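Undergrad: Can you look at this prediction? I've put the sequence above it.
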Amino acid sequence: MSNFRTRQAPSPTGYLHLGTARTVLFTVLFSLVNNGNWFLRLEDTDRARLQPEAAINLLEVLYELGLNPSEGVSLYPQSAKQQRDDFYGLYQNGKYAPYIQSNSLSFHLQHAQNLIDRKLAYWSYLDQEARDDLQEIKKVNKKAINYFKASLDDLANKGKTETELYTDVQTALNHIEKPVLRYKMMRDQKLDCYDKLLGKTSFDLTLEEDFVILKSDGFPTYHLAHLVDDYLMKTTLVIRSQEWYASLPKHIVMFKDYWNIHDNSEADPEFMLDGDNGQGVPNYIHVPFILGEVGNSKMSKRDGNVNMQEYIDKGYTQEALLNYLAFLGFNPGTEKELYLSSSDFE
């Protein structure tokens, strides 16, 4: 088996969406074509929208569809000695566990501290009123918000110094003002980012605002959590929706900064990628949206028929559903409608 590793990392905040199911299918197909494997990670750091029962439903639907991961969270153990997670009632199979992101909180905090120590991230104590004021100014001057300068000015007005920006994680999380940790993204440089489907895009980082990577509740945002986990789990390809394409420069910059935190001599040579985005950076594919009935916006709950469980409940077969997902937004150029085996493509 090659060192090709790809993944899906849904959030347990609701039912399995049609678009997510299609992306999972693409992930499975890429792993098969590249003789690699794919794993399923549960990204559950959004505690406000968390629905524990959604995790079980997600896996049940994927099993019904035959889209079973090589490793990661699972409904079933690989051995009799394996323990089930108490919160979700799931098992975690594979050498890169934990695959439940909230179980990795200590790792996320540790790597957040690494970024603070290198002054790549800083604490922002701006309250809601101050942030709202910055947004109003932005509407007028049409310029990106310089959160680093705003945070510095805020500290100066309070009689504090720049050192407060780089205090340690535990001290900041216990602070009465409940700061958030922002990544220092706004830089005087251009960055070329590559997508295996969309090609190259050049981003001006002076227009990119510093963004939150650790919330005041101590949980990481997607930006930090996926950075740490994809790095440690040796992910070589990330397939996700095009709505994340605007975040590509954030993630490429973070991966490159993160790579430099570590001594390259200690890195696993199998993860020394030749990808366009640089050493140690996963390749990305941002798949197009599935459009709704009107055709000018992505399919949403308002369009109906987006809950995969409902298709299963109505009796649609696995083959029919996979065929349907595979050809959403794609046509091979023929009038043939069913592609159920390799012979159908001859």
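TA: Thanks, I have it. Numbering: from 1, shown residues only.
Undergrad: How much space separates the residue lying farthest from the centre of the chain from D168?
TA: Most distant from the centre of the chain: G159, at 38.0 Å, with distances by Cα atoms, centre = their mean. Distance, G159 to D168, using Cβ to Cβ, to the nearest Å: 21 Å. Backbone N, C-alpha and C define where each C-beta goes, glycine included.
Undergrad: where exactly do the helices run in the protein?
TA: 18-33, 52-65, 105-117, 128-141, 147-157, 169-173, 222-232, 248-261, 308-313, 318-326 (DSSP state H).
Undergrad: what's the angle from the third one to helix 222-232?
TA: With axes from the mean of the first three to the mean of the last three Cα atoms, to 10 degrees as the basis, helix 105-117 and helix 222-232 are set at 100 degrees to each other.
Undergrad: neighbouring contacts of helix 105-117?
TA: Residues outside helix 105-117 that contact it (Cβ atoms under 8 Å, 6 or more residues apart in numbering) are 45, 121-123, 166-169, 181, 183, 213-214, 218-220, 224-225, 227-228, 232, 257-258, 261.
Undergrad: Out of those, which end up buried?
TA: Listed as buried from the contacts of helix 105-117 are 45, 121-123, 169, 181, 183, 213-214, 218-220, 224-225, 227-228, 257-258; burial here means 16 or more other Cβ atoms under 10 Å.
Undergrad: Quick one: low-confidence residue ranges for this structure.
TA: 1, 261-279, 292-304, 340-346 (pLDDT under 70).
Undergrad: Apply 50 and report the result again.
TA: Flagging of the chain using pLDDT under 50 yields the residue ranges 263-275.
Undergrad: what are the phi and psi values for D85?
TA: Dihedral pair for D85: phi -60, psi 130, per degrees, to the nearest 10.
Undergrad: so how far is N307 from it?
TA: Between D85 and N307 the distance is 25 Å, computed by Cβ to Cβ.
Undergrad: Break the protein into its domains for me.
TA: Domains of the chain are assigned by automatic domain parsing as 5-102+234-258+267-326, 106-214.
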